[in-house]
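Colleague: I'll drop the sequence and a predicted model, then ask my questions.
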Amino acid sequence: MLSTDNRTTPAPAPAPIQVLARHAATSTASSLAELAQATRRVWTGAAAQRATPLDLAARGARWWTSMTDRRQPAWHLPHRTVLSTPFAHVHDFSPAGAGDDVIATLVLPPQAGHSSHVVDFAPGQSQLTVLLEAGLTSLYAMEWRAATRETRDVTVTDYLDVIDRAVEHAGGRVNLVGDCQGGWLAAIYASLHPEKVNTLTLAGAPIDFHAGDSLIAASTTFLTGSLGMAPYRTLVALNGGNMSGRAVLSNFILMQPQTELGRQLALFENVDDPEHVERYRVFEDWFKHTQDIPGAFYLWLVEHLFSGNELIQGRLVVDGRRADLRAITCPLFLLAGARDHITPPAQLFAAADAVGTAPEDVVRRTSAGGHLGLFTGRQALTEDWPVLMADVRARSGR
């Protein structure tokens, strides 16, 4: 019998230099367009209000004050610290009087030069609140601490160890939730300790680091292909043995400079609107408050994950043990952002075919927003996370 295969061969991925050149052209054009549009709006508004040069100068002063008034991020939900190391805290967010009828949940926030408070971003914009409201009332979250000279030699082994200690504290088996870089860390832990993971939820997490049209993958491949690890080792050495959080922030901004420009111009236009200024301040307090990453850990992840892509290839070895994704057989929940330029959906959804979980126990969901929107966006927090976490809760009775 003849059979017909209607599948088409996927087009080859563009060369890294093509991705970088296309991005440079696109971001430059977008930035210039953003600047031109904002300039027209400002001058049109000034003319309509008959603003004088003195009025514009006063507005500029208010804009500068709002732009530079930064505060340190903080947790909004009540919690207690149950475990502390020089590089990480474990916080218990379980409400008072919570029963023991539900398997505990442990959240691993992103570890990318920003504070972990993004999972409890603001009242009304809190991923942790959504989990509690879904009935996951035995709730823990890691807080990755800023690297210091004393913690510059912290390795992936140390991170996996503190996760394991948190799991043991929470009862020995948990629902593991990993956001962004916390996601690949969660996947590695689950592959090494599958018996301790009841469900695994990954959001905006790179698993196949080279999939999709990724600027990060293109730049890493280009640099390591040309110069090896030397550029990254130099960055770490220049910062006393740690990767600078400010350097990571600069890289994020350079990926989409039009977004940063648009945010600052929007502040200038709306500097007299208290609600707009407050929304701006809350985001900037988190986004611009950077923290360094342990140098040894950073260099390891660049070499083995961002460059080597060893996790999806089944070649990743941690302390003599292979992190085999096929060892993961628990229910798997994947949440990607349709407009995620940090982690294209393909990088996350590759996990579905790599794990040992039965296909009927794999849930893929795509939110409409971008990367940060997965953790702080109102749509993700009201439409996506509640659905996924309700399913996790249904699988978490004791």
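Modeller: Received it, and whenever you're ready, just let me know what you need. Quantities reported herein were computed from a predicted structural model and do not represent experimental measurements. Numbering: from 1, shown residues only.

Colleague: quick one: residues contacting residue 368.
Modeller: 337, 338, 339, 379 (Cβ atoms under 8 Å, 6 or more residues apart in numbering). Glycine gets a C-beta too; all of them are placed from N, C-alpha and C.

Colleague: typo on my end, it should be residue 244
Modeller: Residue 244 neighbours (Cβ under 8 Å, 6+ apart): 113, 235, 238, 290, 292.

Colleague: least confident of those?
Modeller: Of all the contacts of residue 244, residue 113 has the smallest pLDDT value, namely 89.

Colleague: quick one on the thing from earlier: let me know the closest of the contacts of residue 244 to residue 191.
Modeller: The closest of the contacts of residue 244 to residue 191 turns out to be residue 113 (Cβ to Cβ; 25.3 Å).

Colleague: pLDDT wise, what is the nearest residue to the closest one once chain neighbours are set aside at?
Modeller: Leaving aside its chain neighbours, residue 113 sits nearest to residue 248 (3.3 Å; criterion: Cβ to Cβ, 6 or more residues apart in numbering). Predicted confidence (pLDDT) for residue 248: 92.

Colleague: name the SS class of residue 248, please.
Modeller: helix (DSSP: H, G, I helix; E, B strand; the rest coil).

Colleague: doesn't residue 298 make contact with it?
Modeller: No. Using Cβ atoms under 8 Å, residue 248 is not in contact with residue 298, being 9.0 Å away.

Colleague: between those two, which is the more surrounded one?
Modeller: residue 298 (26 against 19; other Cβ atoms under 10 Å).

Colleague: for the closest residue to the more buried one other than its chain neighbours, name its beta-bridge partners.
Modeller: Leaving aside its sequence neighbours, residue 298 sits nearest to residue 243 (Cβ to Cβ, 6+ apart; 4.0 Å). Note on residue 243: beta-bridge partners by DSSP bridges are residue 293.

Colleague: also residue 108?
Modeller: residue 178.

Colleague: residue contacts, it?
Modeller: By Cβ under 8 Å, 6+ apart, the neighbours of residue 108 are 141, 142, 163, 176, 177, 178, 179, 182, 183, 185, 186.

Colleague: which of those fall in helices?
Modeller: 163, 182, 183, 185, 186 (DSSP state H).

Colleague: now the two most distant members of these.
Modeller: The widest separation within the ones in helices among the contacts of residue 108 (Cβ to Cβ) is 12.6 Å, between 163 and 183.

Colleague: list only those of the contacts of residue 244 flagged as buried.
Modeller: Buried subset of the contacts of residue 244 (neighbour count, 16 or more other Cβ atoms under 10 Å): 113, 235, 290, 292.

Colleague: returning to that earlier point: and the residue nearest to residue 298, how far from residue 347?
Modeller: 21 Å (Cβ to Cβ, to the nearest Å).

Colleague: for the contacts of residue 244, which one is nearest residue 374?
Modeller: Looking across the contacts of residue 244 and measuring by Cβ to Cβ, the closest to residue 374 is residue 113, at 17.3 Å.

Colleague: the closest one touches residue 243, doesn't it?
Modeller: Yes. In this structure, residue 113 is within contact of residue 243 by Cβ under 8 Å, at 7.5 Å.

Colleague: residue ranges with poor pLDDT in the stretch 1-150 of the chain?
Modeller: 1-53, 55-56 (pLDDT under 70).

Colleague: now the strands for this protein?
Modeller: Per DSSP state E, the chain carries strands over the ranges 80-84, 88-92, 104-108, 139-144, 174-179, 197-203, 242-243, 293-294, 317-318, 321-322, 332-337, 362-367.
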